[in-house]
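A.B. asks: what follows is a predicted protein model with its sequence.
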Amino acid sequence: MNRKAFTVLAGAVCLLFFVGMLPWADTAAAVTLRWAEQGPPTGIRPKVILWMGSEIEKRTEGRVKIQMYWDSTLVKRNEMLRGTMLGTCDIGTINVAFHPKQLHTWGIFNTFMMGPADPYIVSDTKRACFENIPAFNAELERWNQRWITFFNYLPSAIALNKPLVSTKDLKGKRMRAPSAWMLAMLKAIGATPVSMPWGEVYVALERGTIDGVLTSLDSYYRYSIDEVAKHYLYSEKQWQPQPILISMNLGSWKRLNEKDREIILAVGKEANDMENKLNQDYWDMCMSEMKKRSKAVFTKLTDEELLAWSKLPEVESLPQKWVEEASAAGLPAEDIFKQVEKTIQDGLARERKP
């Protein structure tokens, strides 16, 4: 190669190196993460999720893009765990109650009828479990994913299509709940438990196929259940404990550089705090709007009646049933249960302090 050709070649190499160092040169390598959300883009959680997507894109300087798929359009809500595992979506919003056999550890919270009501303490309690008890992460890893944050439901309320002032009014009523554990709690007070997908609940109430529902207050509000079931019995102490996991496919996670992973986790933690702040007023807003919308009637469940319900033998035996099932699935169930129980008790103790 003559001197002139060598000079031209060297110049071209230097130019390519210089172009590669420019800030905009990395845009071609941007990663688009498909986020499958089970619900519509209304309410507290979608508001926080939209903020998360915007913050992730901004803080990663465009290296990570978020593409939202709302209302189970990419992955059906009851297939979210599997869809995230397979990579049908990169991020999935997973309701733990839909996967009792696959996520034994994560479902343990549903065996406790009562827990903290303060949203910050609820989150601290769950996060302490997720971060300090290895079984939670190990179980998700078996499904080829890891959690990046989680959200909470508001506390529970019981909806009925007839007047409702006491749990005694539920005897013989056909009641739907989001988990087998909560259905067992309803059965303990004489109700007839009915399992059905959430998407069928409105029509089932409208047609009289079921008489009522036990779930979180915000779910009633967001899906206008008060239009077909106007009577509510509630206590902020009767929590709706299963977390809504924001979980990411491990392959998608590993494609990101370490800095962007840290950014996503930091945004997730902030999003959890943001939801807690919004939830402080959301309970009152849901109740107020349901009263305006359909003249819904709300009766507060007394602490004495809630405690008596939680002390029924059929309810008190639920944690042990969880231990038996989880042990059969090969988990160190006794140890997990003791750690979770202590963490919940610690949360309740914090809440009782003035």
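C.D. replies: That came through fine. If you're wondering where the values come from, they're calculated on a predicted model, not measured in any experiment.

A.B. asks: for the spatially most central residue of the chain, list the residues it contacts.
C.D. replies: Central residue of the chain (CA atoms, centre = their mean): Ile244, 0.6 Å from the mean position. For Ile244, the contact set (CB atoms under 8 Å, 6 or more residues apart in numbering) comprises 45, 93-96, 150-153. C-betas here are computed from N, CA, C, even on glycine.

A.B. asks: now the strands for the stretch 101-250 of the chain?
C.D. replies: Taking DSSP state E, counting those that start in this stretch as the test, the strands found in the stretch 101-250 of the chain are 145-151, 156-160, 174-176, 192-194, 212-216, 231-234, 244-249.

A.B. asks: any idea of the mean pLDDT for the fourth one?
C.D. replies: To tie it back to what came earlier, the one meant is strand 192-194. Here strand 192-194 scores 97 as its mean pLDDT.

A.B. asks: adjacent strands (with direction) for that strand?
C.D. replies: If you go by DSSP bridges, strand 192-194 pairs up with strand 174-176 (parallel).

A.B. asks: kindly report the same for the first one.
C.D. replies: Here strand 145-151 has these sheet partners by DSSP bridges: strand 244-249 (antiparallel).

A.B. asks: skip ahead from the partner strand and say which helix or strand is next.
C.D. replies: Later in the chain than strand 244-249, the nearest helix or strand by DSSP states H and E is helix 250-255.

A.B. asks: for that following helix, which positions count as buried?
C.D. replies: Neighbour counts over helix 250-255 (16 or more other CB atoms under 10 Å) mark 250, 252-253 as buried.

A.B. asks: so for that helix, mean pLDDT?
C.D. replies: Helix 250-255 shows an average pLDDT of 97 in the prediction.

A.B. asks: I'd like the next helix or strand past it.
C.D. replies: Under the assignment DSSP H and E, the closest C-terminal helix or strand after helix 250-255 is helix 258-294.

A.B. asks: can you name the next helix or strand after the worst-scoring helix or strand of the chain on mean pLDDT?
C.D. replies: Least confident helix or strand, the chain: helix 3-21 with a mean of 46, by mean pLDDT, DSSP states H and E. Proceeding N to C from helix 3-21, the next assigned helix or strand is strand 31-36, under DSSP H and E.

A.B. asks: other SSEs contacting whatever helix or strand comes next after that next one?
C.D. replies: Note on strand 31-36: by DSSP H and E, the next helix or strand toward the C-terminus is helix 44-59. For helix 44-59, the contact count by 3 or more CB pairs under 8 Å, 6 or more residues apart in numbering; DSSP states H and E identifies strand 64-69, strand 145-151, helix 258-294 as packing neighbours.

A.B. asks: can you report how many residues neighbour Ala128?
C.D. replies: Number of residues near Ala128 (other CB atoms under 10 Å) recorded here: 17.

A.B. asks: picking that back up, for the buried residues of helix 250-255, which one is nearest Ser327?
C.D. replies: Set against Ser327, the nearest of these by CB to CB is Leu250 (26.7 Å).

A.B. asks: quick one: the closest one from Leu256, how far?
C.D. replies: Leu250 sits 11 Å away from Leu256, going by CB to CB, to the nearest Å.

A.B. asks: circling back to that earlier point, who's the residue nearest to the centre of the chain bridged to?
C.D. replies: Asn95, Phe151.

A.B. asks: distance check, Met175 against Glu289.
C.D. replies: Distance from Met175 to Glu289, counting by CB to CB: 24 Å.

A.B. asks: between the two, who's got more neighbours?
C.D. replies: The neighbour count for Met175 versus Glu289, taken as other CB under 10 Å, is higher for Met175 (24 against 13).

A.B. asks: which residues does Glu270 contact?
C.D. replies: When contacts are counted by CB under 8 Å, 6+ apart, Glu270 touches Glu55.

A.B. asks: so where's this protein uncertain?
C.D. replies: Applying pLDDT under 70 to the chain flags the ranges 1-28, 354.

A.B. asks: which stretch of helix or strand covers Gln345?
C.D. replies: Following DSSP H and E, the helix or strand that holds Gln345 is helix 333-352.
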